[in-house]
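> just need the structure, nothing else, for what follows:
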Amino acid sequence: VTVNETAKYCSWGVGPRVGVDTNWNPCGQFRVEGDASLSILYTDYDVDTTNVFIRARASNSENITTKIKDNDRCTISPHTSVALGIGWGDYFCCNDWYLDIAVKYELNVLWNETFSSSNAFVAENIYIHGLILTCRVDF
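Take a look at the predicted model:
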C-alpha cells in the first residue's frame, strides 16, 4: 500500500507589531545594526487535504482517493524576527552621492503556523532565515 498526501494551506493574518531598529557607529563610517520585533497575529487558515491510497495487486492496482476540506481554523499566535549585521556608508563625488553597503543575518519564526492533516490539532513552527545584502546609492 502506497499513500500520497497533498495539503494546501491558505492563510492570512493581522495584528499589532512592536520592535526596535538600532545602529551603533563604533568607528568612522562603519556601523553595527540590530533589529528585533514581535507580532501577535490573528490568523485564519483554510486547509484542503487529499489522500490517495494505492494498493498494488499482481493483475492491477486500485486507487482510493479521499478529500478532506478542513475549513476555517483560527488562531492567535506570535511572530518574532531578529537581525544582526554590519554596514558601511560614505559620501563621494564632492559629497553629492552617498554609497551605503550592509550585510545582515535575519531569523523569522512563525509560531504554530502549520498543521498536520490528521485529526489531532498539532501545530508546528516555520523558521525562515538567511543573509541579506543591500547596496544603496543616494544622489
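> pLDDT wise, what is the residue lying closest to residue 14 once chain neighbours are set aside at?
Of all residues not flanking residue 14 in the chain, residue 42 sits nearest, at 5.8 Å (Cβ to Cβ, 6 or more residues apart in numbering). Backbone N, C-alpha and C define where each C-beta goes, glycine included. pLDDT for residue 42: 93.
> for the host helix or strand of residue 42, packing partners?
Under the criterion of DSSP states H and E, residue 42 resides in strand 30-56. Applying 3 or more Cβ pairs under 8 Å, 6 or more residues apart in numbering; DSSP states H and E, one finds that strand 30-56 contacts strand 2-14, strand 17-27, strand 61-92, strand 97-115.
> can you say which of these is packed in most?
strand 97-115 (a mean of 15; mean count of other Cβ atoms under 10 Å).
> follow-up on the earlier one: in the strand holding residue 42, which residues are buried?
31, 33, 35, 39, 41, 43, 45, 47, 49 (16 or more other Cβ atoms under 10 Å).
> parallel or antiparallel, which strands does it pair with?
strand 2-14 (antiparallel), strand 17-27 (antiparallel), strand 61-92 (antiparallel) (DSSP bridges).
> averaged pLDDT, the longest one. What do you get?
In this model, strand 61-92 has an average pLDDT of 84.
> can you check stretch 104-113 too?
Mean predicted confidence for stretch 104-113 is 93.
> closest to residue 79 among the buried residues of strand 30-56?
Taking Cβ to Cβ as the measure, residue 79 sits nearest to residue 39 out of the buried residues of strand 30-56, at 4.2 Å.
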